[in-house]
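Engineer: my questions concern the predicted model and sequence given below.
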Amino acid sequence: MIVAAVLALGAPAVAGDDALVIYKSLSPETALEAAQAALKKCRDNGFQIAVAVVDRFGQPQVMLRDRYAGLPAPDTAVSKAYTALSFRAATSDLSKSIKSGQMDPGLARLPHVAMLAGGLMIEAGGTLLGGIGVSGAPGGDKDEECAKAGLDAIRDKIDF
């Protein structure tokens with residue numbers, strides 16, 4: 001019995017299909033294109049904002065801050081993108097769920113979480129690719145409109 005255990009431990013490991021994880025992720029160029037489109041939409045509407053794109057792991061890929069965007073805008077944009085990604089939902093929907101009592105308001109106090117409208121997940125073909133967050137427009141609905149413009153700008157590149 002001891003011999004069998006020693007032989008089993010000494011056997012070489014064989015990597016099977018379940019030993020590796022393969023995933024899709026946004027290229028930096030695509031993330032930048034989404035951020036630039038969101039920034040342009042907000043500028044066209046007269047808003048100075050910050051926009052962030054985070055990758056599928058919640059790490060910032062792109063951060064753009066317009067000259068006159070408020071000081072908290074960059075951090076808030078990253079947090080909105082991270083929140084949409086983490087909860088797999090638009091932050092406007094999450095905000096409504098907290099206000100209606102469907103979600104525990106304590107979730108809004110988690111680190112890096114912003115339950116404010118303006119964050120959208122980036123998803124294609126059922127695969128979560130990242131998140132985009134916009135902050136600085138006069139109202140979360142306007143932030144979300146700009147974030148959506150960012151997604152629309154890259155939709156043809158990420159649909160698979």
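Structural biologist: That came through fine.

Engineer: which parts of this structure are helices?
Structural biologist: Listed in chain order, the helices of the chain (DSSP state H) span residues 2-10, 28-44, 73-87, 91-100, 140-158.

Engineer: residues of stretch 62-81 that come out buried?
Structural biologist: With burial defined by 16 or more other Cβ atoms under 10 Å, the residues of stretch 62-81 counted as buried are 62-66, 69, 73-74, 76-81. Every residue, glycine included, has its C-beta placed from N, CA and C.

Engineer: farthest pair within those residues?
Structural biologist: Asp66 and Ser79 (17.8 Å; Cβ to Cβ).

Engineer: quick check on Asn45: phi, psi?
Structural biologist: phi -90, psi 0 (degrees, to the nearest 10).

Engineer: burial count for the closest residue to it other than its chain neighbours?
Structural biologist: In space, not counting the residues next to it along the chain, Asn45 is nearest to Lys142; the distance is 6.8 Å by Cβ to Cβ, 6 or more residues apart in numbering. The local packing count at Lys142 equals 20, with neighbours defined by other Cβ atoms under 10 Å.

Engineer: could you check the pLDDT of Lys142?
Structural biologist: Residue-level confidence at Lys142 comes out at 98, pLDDT.

Engineer: Thr127 and Met63: what is the separation?
Structural biologist: Separation of Thr127 from Met63 (Cβ to Cβ, to the nearest Å): 23 Å.

Engineer: longest strand in the protein, by residue count?
Structural biologist: In the chain, taking DSSP state E as the definition, the longest strand is strand 127-135.

Engineer: buried sites along it?
Structural biologist: Buried residues in strand 127-135, counted by 16+ other Cβ under 10 Å: 129-135.

Engineer: for these, which one is nearest Val51?
Structural biologist: Distances from Val51 to those, taken as Cβ to Cβ, are shortest for Val134 (4.9 Å).

Engineer: got the contact list for Leu110?
Structural biologist: Not one residue lies near Leu110 by Cβ atoms under 8 Å, 6 or more residues apart in numbering.

Engineer: one more: Gly70?
Structural biologist: For Gly70, the contact set (Cβ under 8 Å, 6+ apart) comprises 48, 135-136.
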